[in-house]
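Engineer: Need coordinates for the following:
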Amino acid sequence: MIAAAIHSPLFRESTSPVNMTTSKICLALAACLLAPIQTVAAKPDILFIAIDDLNDWVGPLGGHPQAKTPNIDRLAARGMTFTNAHVTAPLCNPSRASLMSGMLTSSFGVYVNNQDWREAPLLQGKPVLPRFLQSNGYRTLGGGKLFHAATLIPIQFYGLLPRRGFDDYYPAPNRQLPDEIRPIGRPINNNPGFISGFFDWSPVAAEDSAMGDGQVVAWAGRQLRAAHGKPLFLGVGIYRPHIPWYVPQAYFDQHPLDRIELPATVPDDLGDVPGSERYARNQRVHRWVLETGNWKAGVQAYLASISFADAMVGRLLDALDASNRAEETVIVLFSDHGYHLGEKDQWRKYTLWEDSTHVPLIVHAPGITEPGSRSDAPVSTLDIYPTLAELAGLGLPAHLEGHSLLPLLRDPSAEWPHHAITTYRFGNHSVRTRRYRYIRYENGDEELYDHDEDPHEWRNLASSADHGDIKARLRSLLPQVNIEPITATWR
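Structural biologist: Below is the predicted model of the structure:
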């Protein structure tokens, strides 16, 4: 509480004994010390923005020089950007189930997309985030992809919504995604069947408001402007830049094909990676991209989809500002995992490397976060649940395995003795600290990268005798519990 108080303008202006009497100083100090308590303990509204498949190609993270994200930049200017934030799993279902439950995927046995996380025995009786807030006085609303779901395949529109936790949901209480605009004759990029009809891109002739995300965001804007009588949790899932990359022509036009810059790569990047054949499917995709000359076209489509998603964020921020409740609303923006676009010969996610695990995470907590602040502490999307619980003035459920970010929100230089764990399938883990990434696979294969010297993870140091002690220390941080995969499935 004191740390928050000394960062307030009132405290800084009130420390000169020349300008204030002793009694005024005492009153000012009392006001400062009470203000953070009121800000944290009162139940603020919460705008919870989940963006699908968004890597670090956003302005605040600088992952690609041609990314255009003025609205995400605008949000970062209001709050704190976590520059070293990572997901708990590099694919949708386990990542979202983990974030929403507050537990590592290895603690409840959900590792892939077709597992029904709702049937996991070790999650029974443990409230997911919206249910926890609902039971503590919040009106909980959601729209779009918050838990796992997929577009284009009708049954997957419905997704894996929890059976309890939302007072209402758009487009329907049991359905996460609205109908989507799509071109005729898919796949437009003529990719072969082994890749997937989803791995496609094309401009579409549609207004933003007709797109699935446009429908979700328009609904969310109406909720932000409405009176609810309770503190509001509004979860908004933005589907782009998830494939297929179908967005209006104007967003492709923002990124002319002949000017596209490719991501940084080196030849034979996988030469020092043991067992790299585990990523063979994504390597096949990259070979097709190279053989057909589609690399720049794919990067263009991804950048266009990011720009479209950013426009959706802008509409949410505009609606919030028009509501006159912006200063009583905590905003959290994050992605469920990153994305490869040719780095390490990979496309899509499904790896334990930086491109798959590193994501945007921006938090605006009025009265707490310093506008435009940044933290390079290694944090996890697992930390979002305890952070929101604490910002709402609520006690933390006993099952949570993450850590509240509140100390960093108050002071980005605060001590942070934690790390980020990512798990891909059973028994394969990565640990990310401020400096290192260490990966250990179930069969004992190892990788080690020094981000101070090698931010692209081009040199695997795991076989270096000089790094034995570092490996041993990082190995000790890996999860000690690996629950067998649950058998309940969903399609």
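
Engineer: From Asp450, how far out is Ser464?
Structural biologist: Going from Ser464 to Asp450 by C-beta to C-beta, to the nearest Å gives 10 Å. For glycine as for every other residue, the C-beta is placed from the backbone atoms N, C-alpha and C.

Engineer: higher neighbour count, these two?
Structural biologist: Asp450 (16 against 13; other C-beta atoms under 10 Å).

Engineer: The more buried one and Pro171: what is the separation?
Structural biologist: In terms of C-beta to C-beta, Asp450 sits 47 Å off from Pro171.

Engineer: Could you list the low-confidence segments of the stretch 101-250 of the chain?
Structural biologist: Applying pLDDT under 70 to the stretch 101-250 of the chain flags residues 194.

Engineer: rerun that using 90 as the cut-off
Structural biologist: Along the stretch 101-250 of the chain, segments meeting pLDDT under 90 span 151-157, 185-186, 191-198.

Engineer: tell me, how many neighbours does the nearest residue to Arg225 once chain neighbours are set aside end up with?
Structural biologist: In space, and not counting its chain neighbours, Arg225 is closest to Ser323: 5.2 Å by C-beta to C-beta, 6 or more residues apart in numbering. When neighbours are counted by other C-beta under 10 Å, Ser323 registers 18.

Engineer: you'd agree Ser323 is up against Ala227?
Structural biologist: No - taking C-beta atoms under 8 Å as the definition, Ser323 is not a contact partner of Ala227, at 9.6 Å.

Engineer: Need the residue closest to the centroid of this structure.
Structural biologist: Ser335 (2.3 Å; C-alpha atoms, centre = their mean).

Engineer: How about the contacts made by Gly144?
Structural biologist: Contact analysis of Gly144 by C-beta atoms under 8 Å, 6 or more residues apart in numbering lists Ala50, Tyr170, Gln176, Leu177, Gly212, Asp213, Val216, Val236, Gly237, Ile238, Tyr239.

Engineer: Going by neighbour count, which of those comes out on top?
Structural biologist: Compared across the contacts of Gly144, Asp213 has the highest neighbour count, 31 neighbours, by other C-beta under 10 Å.

Engineer: quick one: that residue and Arg240 touch, right?
Structural biologist: Yes - with contact defined as C-beta under 8 Å, Asp213 counts as touching Arg240 (5.9 Å).

Engineer: Give me the common contacts of these two.
Structural biologist: Phe308, Ala309, Met312.

Engineer: Okay, buried residues for the helix or strand that contains Ala250 please.
Structural biologist: According to DSSP states H and E, Ala250 maps onto helix 249-253. Neighbour-count burial for helix 249-253, counted by 16 or more other C-beta atoms under 10 Å, picks out Tyr251, Phe252.

Engineer: Which stretches in the stretch 351-491 of the chain count as strands?
Structural biologist: For the stretch 351-491 of the chain, the strands defined by DSSP state E, counting those that start in this stretch occupy 361-364, 373-375, 379-380, 420-423, 429-432, 436-440, 446-450.

Engineer: so how far is Val330 from Gly59?
Structural biologist: For Gly59, the distance to Val330 - C-beta to C-beta - is 21 Å.

Engineer: who has more neighbours, those two?
Structural biologist: Per other C-beta under 10 Å, whichever of Gly59 and Val330 has more neighbours is Val330, with 24 against 20.

Engineer: quick one: contacts for the nearest residue to Ile49 once chain neighbours are set aside?
Structural biologist: In this structure, Ile49 finds its nearest non-sequential neighbour in Leu333, 4.3 Å apart by C-beta to C-beta, 6+ apart. By C-beta under 8 Å, 6+ apart, the contact set of Leu333 is Ile49, Ile51, Ile72, Leu75, Val313, Pro360, Leu361, Ile362, Val363.

Engineer: Would you mind putting these into CSV with neighbour count and pLDDT alongside?
Structural biologist: Below are the contacts of Leu333 laid out as CSV (neighbours: other C-beta atoms under 10 Å; pLDDT from 0 to 100):
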residue, neighbour count, pLDDT
Ile49, 25, 99
Ile51, 28, 98
Ile72, 27, 98
Leu75, 26, 98
Val313, 25, 98
Pro360, 26, 98
Leu361, 26, 98
Ile362, 26, 98
Val363, 31, 98
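
Engineer: Turn those residues into a markdown table, columns for distance to His286.
Structural biologist: As requested, the contacts of Leu333 are exported to a markdown table (distance: C-beta to C-beta, whole Å):
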| residue | distance to His286 |
| --- | --- |
| Ile49 | 31 |
| Ile51 | 24 |
| Ile72 | 28 |
| Leu75 | 33 |
| Val313 | 30 |
| Pro360 | 24 |
| Leu361 | 28 |
| Ile362 | 30 |
| Val363 | 34 |
